[in-house]
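Quick one: sequence plus predicted model below, questions after.
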Amino acid sequence: MRLAAATALATIAACLAGTASAKDWTVTSPDGELSITARHEAGEGVSWRVDFASDGESRQAIGWSPLGFSMATIQGYERIETVSDFSDGLSFVSADEDEGTDAYTMHTGKQLENEADWNGLSLTFRDDETERLLRIDLRAYDEGVAFRYVVPEKDKFFHEVTGEATGFNFGEGGTHWGAAYDFYTAHHPSYETFYTSQPTGTPTPDDAGTAWGFPSLFEVNDLYVLIHESDVDGSYQGSHLAKDAPGGVYTIAPPMAEESQGFGKNTASWTLPWEMPWRFAIVSDDLADIAESNLVFHLAEPSRVEEDGFVEPGTATWSWLSDHASPTDMAKLKNSIDAAAEMGVEYTLIDANWNTMGDTAMEDLVAYADEKGVGLWFWYNSGGRHNFVGEEPRNIMNDPVKRRAEFAKLQRHGVRGVKVDFWQSDKQDMMAYYHALMADAAEFGIMTNFHGSTIPRGWERTWPHMMTMEAVRGAEFYSFDSQADYTAKAPAQNAIHPFLRNVIGSMDYTPVHFSQFANNTRITTNAHEAALAILFESGVLHLSDSADAYRAIPDEWRDFLGSVPSAWDETKLLAGEIAEYAVVARRKGDAWYVGAINGTGEAMEIDLDLTGIAESGEALFTLSDDGEGGFASDEGTLESVTQTVTLEPNGGLVMVLGEE
């Protein structure tokens, strides 16, 4: 049997069925709670499952699911007729156990110092028809499991993936939290659809998108399981989940052929040996373990950057959301720089079309910012043939020669970073483009921020100067969508991101907007907005309101925004329910910052236990919705480590503990 669209469902059915004579191999996590099992029947394919054991009870997290893919050999411009099908017709060759520790330091994220033990097993099989070898690497961590495909032999040809059978079986009766993979448009796919919940096995609605995107979170058997992929480099495409999930089996899908205006293949091809991306599942019966996990980084390639002293997380002012035309107005941009200096934040972002102000626009802005002690980031279009968006500067970043010359210019002027926008494709050539750009940026000491982009896939470890990525329906949609669309949904979406999008990497949502919008009325409270500065992790925190709006808020609120960190030593989820509320505590040094939001239209009381992060009598600073005007603040001491806090409808709360 050869893997193709017509036979994929048959492959899944065969893998799920199993036989009495099948051979199983199991890898168990160091703490003994998680196990990943692979099963193979001679002459058939390989399937896998995941189990979670706690308090003497074992529960299935992922049921028997298919593994494998098919691969054609490319010789010249003609494809050789024989295809290696690693989803069927396999013979077992060997099994090799392994173990290790992932220990590394991040520059951004929810926890900078990381150390995680794992147990591993590598299973090697042979395709009975072509005799080519496949190795499947399995790993079990305390927080989750992972697997990847490796074609270990070496030859002189290119090889192309012609289909993938990889699946995740969640069965029926559970809940799936996910966002649709966008339709192709001038600005999509860009991972900017809403997260929704539906019963497991529900197809993507026809009016929502073409498939299901990564990450996806499942609730099954009183367990939470978040699935995603890591370590995607230029040797593979970015993948997602297929539109249909018959019986709750979600399978891997490639990018759409239409992406990048049809340029570039939507299937991966590479030379051998070929190590493909890790696919992983974070598994726990505690939602906090999902929110706090760094598994995506454990599996990523270690840093390629030797000299990373130029990497400095921080906060930036940003004029575009409050005034889309401001990046072409020198006076307005200088006003934004002034606000950064007044607030004591590190950066200002100069957005699209800044170059239309004249040949010396960059030099003039840098000179002005230098006087104020503010670093600058500049916006660029990623296109290119792959998009036809007209915003400038464009046709620079896509050309390696022009890109390196531009980075050299930015380095000479002391520019700190670039925001590169409008990628709208997960094809392999675009994955390679991201990595090539980040390699060049590292050489010239330039930090990066990607918008209109793919989702993070562990790249913050590989490229520590990659400070953040958009890939979220963020605050900019206040200026695009209607009151009934984004504005009404924003509070609940904000209470989803700590459990989904922000789990897998920095998220440039561009939060903390106190002003109202011309086309609708924001319904989140001021304290809700302020809490997002803590709740949403981003290596560069872009404050989205205008300079004058921040000048108008009370000093205590402005001082908080000027001092809140953007990279964290430790993160804890104190309380939360998906789409309802979230309370996140993050530590920087000896101080803990707590952000709480209510994602519902009803007031709620939340019981908090601050044991382990604070002591009675410790300094406490709060921002809340109490009092007239909704800009209340208070300084005092913590009376008790157990607190009952009240959140207004769509409200929020900020607590800073231990900072004098």
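Nice, I can see it. This is a predicted model, so every value here is computed, not measured. Residues are numbered from 1 along each chain as shown.

contacts, neighbours, all on C-alpha from now
Fine.

got the residue ranges for the helices in this protein?
For the chain, applying DSSP state H gives helices covering 8-17, 287-292, 295-298, 330-343, 361-372, 400-413, 428-443, 459-462, 488-494, 526-535, 547-552, 555-563.

Please identify the most buried of those.
helix 526-535 (a mean of 27; mean count of other CA atoms under 10 Å).

What lies in contact with that helix?
Helix 526-535 is contacted from outside by 498, 511-514, 541, 561, 564, 583-586, 593-598, 623-625, 630-631, 650-654, using CA atoms under 8 Å, 6 or more residues apart in numbering.

Where strands are concerned, which of those count?
Counting by DSSP state E, the contacts of helix 526-535 place 541, 583-586, 593-598, 623-624, 652-654 in strands.

Give me the buried subset of the contacts of helix 526-535.
Buried residues within the contacts of helix 526-535, counting neighbours by 16 or more other CA atoms under 10 Å: 498, 511-514, 541, 561, 564, 583-586, 593-598, 623-625, 631, 650-654.

ok so, going back, right, so of the helices of the chain, which gets closest to N381?
helix 400-413 (11.6 Å; CA to CA).

wouldn't T348 be in contact with G314 here?
No - if you go by CA atoms under 8 Å, T348 and G314 don't touch, sitting 10.2 Å apart.

Look at the two and report which has more neighbours.
Using other CA atoms under 10 Å, the more surrounded residue of T348 and G314 is T348, with 28 against 22.

what sits opposite that one in the beta ladder?
T348 forms beta bridges with T317, L376, as assigned by DSSP bridges.

Just list the residues touching it, thanks.
316-318, 336-337, 340, 374-377.

again, only this time at 6 Å
Taking CA atoms under 6 Å, 6 or more residues apart in numbering as the contact definition, T348 lies against 316-318, 337, 376.

Then S326?
S326 neighbours (CA under 6 Å, 6+ apart): K332.

at 8 Å instead, please
319-320, 332-333.

any idea how far T200 lies from F170?
As judged by CA to CA, to the nearest Å, T200 and F170 stand 7 Å apart.

swap in L376?
46 Å.

Please name the residues that touch T175.
Contacts for T175 (CA under 8 Å, 6+ apart) come out as 197-200, 218-220.

Could you do V540 as well?
Taking CA under 8 Å, 6+ apart, one finds 313-316, 467-468, 508, 566 in contact with V540.

change it to 10 Å
Contact analysis of V540 by CA atoms under 10 Å, 6 or more residues apart in numbering lists 108, 312-316, 346-347, 447-449, 466-469, 506-508, 510, 565-567.

And it, how far from V46?
Taking CA to CA, one finds V540 at 43 Å from V46.

Kindly report the same for F194.
Taken as CA to CA, the span from F194 to V46 is 35 Å.

Compile the contacts of T348 into TSV and extend it with columns for distance to V415 and pLDDT.
Formatted as TSV, those follow (distance: CA to CA, whole Å; pLDDT from 0 to 100):
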residue	distance to V415	pLDDT
A316	13	98
T317	15	98
W318	16	98
I337	14	98
L376	5	98
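
Any idea how many residues pack against the nearest residue to H386 once chain neighbours are set aside?
Spatial nearest neighbour of H386, chain neighbours left out: S260 (4.1 Å); criterion: CA to CA, 6 or more residues apart in numbering. Neighbourhood size, S260 [other CA under 10 Å]: 28.

Spell out which residues sit in contact with S260, please.
For S260, the contacting residues are 184-186, 188-189, 266, 383-388, 423-427, 429-430, by CA under 10 Å, 6+ apart.

Let me know whether D429 touches S235 as I believe.
Yes - here D429 reaches S235: they are 8.7 Å apart, a contact under CA atoms under 10 Å.

where do the contact lists of the two overlap?
Jointly contacting D429 and S235 under the rule CA under 10 Å, 6+ apart are A268.

about what we covered before: out of F194 and V46, which sits in the busier spot?
Neighbour count, other CA under 10 Å: between F194 and V46, V46 has more, with 31 against 18.

that older thread, with distance to T525 added, can I get the contacts of T348 in a markdown table?
Below are the contacts of T348 laid out as a markdown table (distance: CA to CA, whole Å):
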| residue | distance to T525 |
| --- | --- |
| A316 | 22 |
| T317 | 21 |
| W318 | 21 |
| I337 | 26 |
| L376 | 30 |
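
ok, of those, which one's closest to G612?
Within the contacts of T348, the smallest distance to G612 is 31.4 Å, found for A316 (CA to CA).

Nearest spatial neighbour of the closest one, chain-adjacent residues omitted?
Using CA to CA, 6+ apart and skipping the chain neighbours, the partner closest in space to A316 is Y347 (4.2 Å).

Having no further points to raise, I will conclude here.
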